[in-house]
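Peer 1: could you look at this predicted model? Sequence included:
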Amino acid sequence: MASDFVLSSGDVNRHATTEVFDYYRCTKCELMFLHPLPGDLGAFYRGGYEPIPGNLAELKALAERQKYRLDPILKYKQSGRLLEIGPWIGIFSSNAKDAGFDVTALEIDSNCVDFLNRIVGINAIQCSDPARAMKTMPMQFDVIVFWHSFEHLKSPWQIIANTAQCLAPGGILVIGIPNIESLDFSVLRSAWLHLDAPRHLSFYTARGLEKVAVANGLRTLDLITNDPLSTELSLGAWRIRARSTVRIRVIRKLWGDLLFHRAMKRSHGHGSGLTAVFGKPE
């Protein structure tokens, strides 16, 4: 596979290591990928992301603010079997369950799996290899969702192939990933919050992701870079950038917001996230 060097970055988000990581871009499929992969990726995830809530009410309070993530799904499906890959504490899965979907989740963290099963009431399965798990699923799903978990997984092309097989006819695949074509990335480069080396292993461009999906029999329904999630990710990227350059809290927040608004104006509202929706023919 022919590839070009893109950039190097340390673990600027968590500072779990002083190691420097290299990213390359495939000249054929446009995939930007980390190489070589660290031997023990788990070491870079210690502490997780959001802490596990103490009860269902706490989760619901968090989930209420993110109901908009259902919008690209409800446009095409209002019910059915839904599989989420990498739900962590289950913010999206909880909202999907409340909206009427029969939710199954594949999650690597055993504590999150326990919380999802006992407290949230969804069928959560502990899994470190979703590509293999989908290949052996006893059922097909009407909706399969990767909400910013896709960039954490190895062999993304194989995952899309297995996902396409796991989709029921007429089903939809939703993939939310960092937008590597965003103005934010082009300016911030290795300091971009959503590069998140070495946890983020790969990034597809919109065209690259579409080519892989179409090659596996799916059709493109939506490619979105200006939804609320994309805007939220962009705001976070610029606020973190301001935090690293300005010491006074009030000033750095104002400076981060100013940088964000300037970036959104220059990019015509296209932010740090890409949400892609693909459909499987009936």
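Peer 2: Ah, there it is.
Peer 1: okay, now the closest residue to D22 other than its chain neighbours: neighbour count?
Peer 2: Among residues not flanking D22 along the chain, S8 sits closest, at 5.2 Å (CB to CB, 6 or more residues apart in numbering). The way it works is simple: take the backbone N, C-alpha and C, and place the C-beta from them, glycine included. Residues lying near S8 (other CB atoms under 10 Å) number 12.
Peer 1: does anything pack onto the helix or strand S8 falls within? Which helices or strands?
Peer 2: Using DSSP states H and E, S8 falls within strand 3-10. If you count contacts as 3 or more CB pairs under 8 Å, 6 or more residues apart in numbering; DSSP states H and E, strand 3-10 packs onto strand 20-26.
Peer 1: in the stretch 1-150 of the chain, which spans are strands?
Peer 2: Using DSSP state E, counting those that start in this stretch, the strands of the stretch 1-150 of the chain run over residues 3-10, 20-26, 32-34, 80-85, 101-107, 123-126, 141-147.
Peer 1: I'd like the ones you listed as a markdown table, with distance to R262 and mean pLDDT appended.
Peer 2: Converted to a markdown table, the strands of the stretch 1-150 of the chain look like this (distance: least, CB to CB, whole Å; pLDDT from 0 to 100):
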| stretch | distance to R262 | mean pLDDT |
| --- | --- | --- |
| strand 3-10 | 23 | 97 |
| strand 20-26 | 26 | 98 |
| strand 32-34 | 25 | 98 |
| strand 80-85 | 35 | 98 |
| strand 101-107 | 38 | 98 |
| strand 123-126 | 42 | 97 |
| strand 141-147 | 28 | 98 |
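Peer 1: could those go into JSON lines alongside distance to S272?
Peer 2: Below are the strands of the stretch 1-150 of the chain laid out as JSON lines (distance: least, CB to CB, whole Å):
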{"stretch": "strand 3-10", "distance to S272": "16"}
{"stretch": "strand 20-26", "distance to S272": "16"}
{"stretch": "strand 32-34", "distance to S272": "15"}
{"stretch": "strand 80-85", "distance to S272": "21"}
{"stretch": "strand 101-107", "distance to S272": "24"}
{"stretch": "strand 123-126", "distance to S272": "28"}
{"stretch": "strand 141-147", "distance to S272": "14"}
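Peer 1: of all those, which lies closest to L259?
Peer 2: Among the strands of the stretch 1-150 of the chain, strand 3-10 comes nearest to L259, with 19.7 Å by CB to CB.
Peer 1: need the contact list for the residue nearest the centre of the chain.
Peer 2: Closest to where the C-alpha atoms of the chain average out (CA atoms, centre = their mean) is H148, at 0.8 Å. Taking CB atoms under 8 Å, 6 or more residues apart in numbering, we find H148 in contact with G86, G176, I177, P178, G273.
Peer 1: now it: how far from P87?
Peer 2: Distance of H148 to P87, computed by CB to CB, to the nearest Å: 11 Å.
Peer 1: got it, and D4?
Peer 2: 34 Å.
Peer 1: between those two, point out the one with more neighbours.
Peer 2: Between D4 and P87, counted using other CB under 10 Å, the more crowded position is P87 (27 against 9).
Peer 1: I figured the more buried one hits E107, correct?
Peer 2: Yes. Under the contact definition of CB atoms under 8 Å, P87 touches E107, with a separation of 5.6 Å.
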